[in-house]
Each structure stands twice: as structure tokens, then as C-alpha cells.
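Novice: please find the sequence and the predicted model below.
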Amino acid sequence: MDFQNRAGVRAGGGGVASIQDANIERRERLRKLALETIDITKDPYFMRNHLGTYECRLCLTLHPNEGSYLAHTQGKKHQTNLSRRQAKEAKETVVIPQPKIKAPKKRVLKIGRPGYKVIKQKDPETGQKSLYFEIDYAEIDPNFTPRYRIMSAYEQKLEVPQKQYQYLLFAAEPYETIAFKIPNMEIDKSEGKFYVHWNKERKIYTLQLYFKEREDKPLPALPQKPTVFNPIGVRF
């Protein structure tokens, strides 16, 4: 029978390659590629037994030579078992929480109270009463910006609470935190009625506030000296 000029046959060939031959050729290509790219000595699952053959400790398979083992590692069975092992190890890994280390509290040597000026004012148009504070921080820490806080009489623990007063606090390192007693009236926070400014050149911190009109009563007398507050526990 003449097999020439049949489909899939080339001159001098022995006919169309079978599926078995194609698989053999594919495995041989994979073996050669693996030998060129993989360092088998670093494979934790590769083992040579006493019979001179090679074993895959992951899949429990035997191989006659290194090339056969490397071809096996590129197959579906080995890759599937490898994925399962990695997922199991990741699940069993116990993460030990690291103890939290508290940063030491910064201790600043206080240098006393800053200079200050307080002025009572009254808006000629609206009749609202206001207070103007000017605090002199000549020796302020260059990395610090002065801050203020309004505190109710019941938050502080240094004096007997008086409901007719509230406290206006000023803080800046390395100065003591100081507080002024001001009337316990609602403060007007509308535009132009509450002003805060820090002059870095002159190192003067100014604050002006207006009280909302409640009753036509004069402002209580201001204390001659501000109260010195320990800044520990005071939040701004």
C-alpha cells in the first residue's frame, strides 16, 4: 500500500505522530527546560533513595532520573499538591503579637508664667461685651504653637467650682499653662466675633472673644493674676 501524499505526512516521514509520541516529546521538552532553569538541589521535596532512584516527598512518586523528576514538578499533580501545602502552612502559622512599647513622656522644664495683658471692651454698635487677651511668649519653643481651650468650672480640680465662671486656658512650651476666669456666658462664634492670632515675629499670641447678650449686667471684675494650671491631664 502506498502511503505517500497522505494528509499529515511529509516526504521521508513515517506517518502522523500518535498521541503517545506527542506526550513523550512534550515531557522531554519540559525536562530539558527544567534542567536549564531550576536548581534541583534547592528543592525541599527532592530526595535520592538507597536504590539510586529519585522520589518526590510531596507527591510520593518515584522517578528514574533527575529529568523525570523535574518534568513531574511541572505537572498538574505536583503543582496542585504544592498549592495545598502552602495554603496549609499559611493557615497553621501563628502570628505572635509584638508587645506595645510605650514612648516615654516628654518632660519639659517649665520656666514660669508668660507676660499677659487683658482688656475689657464693648462694641459701640451692638453693645456686646468682649475681652481681649494678649500673651507674650518670648521664650517659646520654636517647634511649638500656642494653644487655647475653654473649660467649665467643674472640669478643673484646683479651685472650688463657681457656676458663674468658666476658664480660658493658654498653653505653650516651656511656659506654665495659665487660665483666666471669665463670665460663664455664651461666647459668640459668628464671623468677626472670635479672633485668634499668633505673631511669630513678635511672639505674641492674641485672642478676642465676644459674649452673646443675655442680660444688661456689667462684667465681673477680672482677677489680678491668672491661675496656673498643671498641664498634665489637660487636653486641647
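Specialist: Okay, I see it.
Novice: how about stretch 140-151: buried residues?
Specialist: In terms of neighbour count (16 or more other Cβ atoms under 10 Å), stretch 140-151 has its buried residues at 140, 146, 148, 149. In this view, the C-beta of every residue, glycine as well, is placed from N, C-alpha and C.
Novice: tell me the one of those residues nearest residue 170?
Specialist: Among the buried residues of stretch 140-151, residue 148 lies closest to residue 170 (Cβ to Cβ), at 5.4 Å.
Novice: can you pull out the strands in this structure?
Specialist: Assigned by DSSP state E, the strands in the chain fall at 46-48, 54-56, 61-63, 115-122, 129-136, 147-152, 165-171, 177-183, 187-188, 194-199, 204-211, 227-229.
Novice: any chance of JSON lines for these, columns mean pLDDT and distance to residue 32?
Specialist: Formatted as JSON lines, these follow (pLDDT from 0 to 100; distance: least, Cβ to Cβ, whole Å):
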{"stretch": "strand 46-48", "mean pLDDT": "84", "distance to residue 32": "18"}
{"stretch": "strand 54-56", "mean pLDDT": "86", "distance to residue 32": "17"}
{"stretch": "strand 61-63", "mean pLDDT": "84", "distance to residue 32": "15"}
{"stretch": "strand 115-122", "mean pLDDT": "90", "distance to residue 32": "87"}
{"stretch": "strand 129-136", "mean pLDDT": "92", "distance to residue 32": "83"}
{"stretch": "strand 147-152", "mean pLDDT": "91", "distance to residue 32": "73"}
{"stretch": "strand 165-171", "mean pLDDT": "91", "distance to residue 32": "76"}
{"stretch": "strand 177-183", "mean pLDDT": "90", "distance to residue 32": "79"}
{"stretch": "strand 187-188", "mean pLDDT": "89", "distance to residue 32": "84"}
{"stretch": "strand 194-199", "mean pLDDT": "92", "distance to residue 32": "75"}
{"stretch": "strand 204-211", "mean pLDDT": "93", "distance to residue 32": "79"}
{"stretch": "strand 227-229", "mean pLDDT": "61", "distance to residue 32": "82"}
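Novice: so which residue is smack in the middle of this structure?
Specialist: residue 100 (15.0 Å; Cα atoms, centre = their mean).
Novice: for the residue lying closest to residue 139 once chain neighbours are set aside, what are its contacts?
Specialist: Spatial nearest neighbour of residue 139, chain neighbours left out: residue 111 (6.2 Å); criterion: Cβ to Cβ, 6 or more residues apart in numbering. By Cβ atoms under 8 Å, 6 or more residues apart in numbering, residue 111 lies in contact with 139, 174, 175.
Novice: okay, now the closest residue to the last one other than its chain neighbours: neighbour count?
Specialist: Leaving aside its sequence neighbours, residue 175 sits nearest to residue 114 (Cβ to Cβ, 6+ apart; 4.8 Å). Other residues near residue 114 come to 20 when the count uses other Cβ atoms under 10 Å.
Novice: all set now, cheers.
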